[in-house]
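K.L.:
what's the 3D shape of this:
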Amino acid sequence: MDRERMKELTEAQVLERAAANTIIQSNQGEEIQINERAYLLLKNYRDAYDSQKLATRFSVFLEKYDYLVGDIAANQLRLRGFYKEGTDGVPRSQQINTLQDYLYEEINFGAPYFVLQNLEPHMVDEGEDVNQSSHERNKKQHSRSKHSKNANLQAKTGAVAEKKKRVSPKTPRDKQAGKKVETKGNNGHRRFQVRERKVGEIKKDE
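P.N.:
Down below sits the predicted model:
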């Protein structure tokens with residue numbers, strides 16, 4: 001796939017994602033609705049907030065966070081979610097009280113950024129992003145199908161190998177087993193006679 005085709009697909013995915021999100025900003029500018037959920041614009045350093053850019057980057061996966069931080073680099077928006085301070089079971093680095101550390105370590109000095117507070121955070125299914133493009137979903141499904149086929153093939157191969165191990169090799173039978181050699185004749189004249197021994201005779205001799 002050439003570079004132009006890749007660019008076309010990327011642009012199509014951006015437009016598809018943007019169309020999946022509905023963002024409404026109040027006249028005051030601080031109150032924002034994203035897919036009918038309420039947010040507050042707490043910080044808008046150097047006018048970083050842009051509804052169109054946010055629409056192309058927003059994912060339902062982000063609705064679980066209490067805060068969203070967006071920064072602009074090379075005219076591209078990057079989003080990062082944070083939980084409120086003191087949230088149980090969440091590393092300190094993912095809590096909003098470490099925002100200054102994040103700005104200092106991860107964002108270019110002087111780069112525009114904004115902070116949104118999610119007024120309606122909720123649990124989301126992390127297994128599937130409903131805002132994914134059909135191309136992204138098909139790619140994941142193809143990967144899962146391929147992985148499943150490989151796993152089934154490995155299981156069948158292992159079962160065949162195990163079955164082969166359980167088959168005991170045939171032991172060659174002694175052609176002389178069950179036969180008795182007798183000598184007949186008087187004095188020094190002997191002749192040999194070989195006759196089959198029956199099972200009962202073998203047990204009796206034993």
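K.L.:
avg pLDDT for the longest strand belonging to the chain?
P.N.:
Using DSSP state E, we find that the single longest strand of the chain is strand 37-45. Averaged across strand 37-45, the pLDDT comes to 97.
K.L.:
got it, and stretch 87-103?
P.N.:
96.
K.L.:
dump the residue contacts of I24.
P.N.:
Listed by C-beta atoms under 8 Å, 6 or more residues apart in numbering, the contact set of I24 reads 32-33. To be clear about C-beta, it is placed using only N, CA and C from the backbone, and glycine gets the same treatment.
K.L.:
hey, where'd the helices end up in this structure?
P.N.:
Per DSSP state H, the chain carries helices over the ranges 3-20, 51-57, 99-106, 134-166, 199-205.
K.L.:
which residue comes closest to E36 once chain neighbours are left out?
P.N.:
Distances taken as C-beta to C-beta, 6 or more residues apart in numbering place T22 nearest to E36, at 7.2 Å, with adjacent residues excluded.
K.L.:
what's the burial count for R57?
P.N.:
19 (other C-beta atoms under 10 Å).
K.L.:
what about the nearest residue to it once chain neighbours are set aside, distance to N97?
P.N.:
In this structure, R57 finds its nearest non-sequential neighbour in L77, 5.0 Å apart by C-beta to C-beta, 6+ apart. Distance from L77 to N97, counting by C-beta to C-beta, to the nearest Å: 24 Å.
K.L.:
do the same with L41
P.N.:
19 Å.
K.L.:
name the residue in those two with the higher neighbour count.
P.N.:
For L41 versus N97, the count of surrounding residues by other C-beta under 10 Å is larger for L41: 17 against 12.
K.L.:
the more buried one contacts Y113, correct?
P.N.:
No. Using C-beta atoms under 8 Å, L41 makes no contact with Y113, being 11.8 Å away.
K.L.:
thinking again about what came up before, who's in contact with the residue nearest to E36?
P.N.:
T22 neighbours (C-beta under 8 Å, 6+ apart): 33-36.
K.L.:
then V90?
P.N.:
Counting by C-beta under 8 Å, 6+ apart, V90 has contacts Y83.
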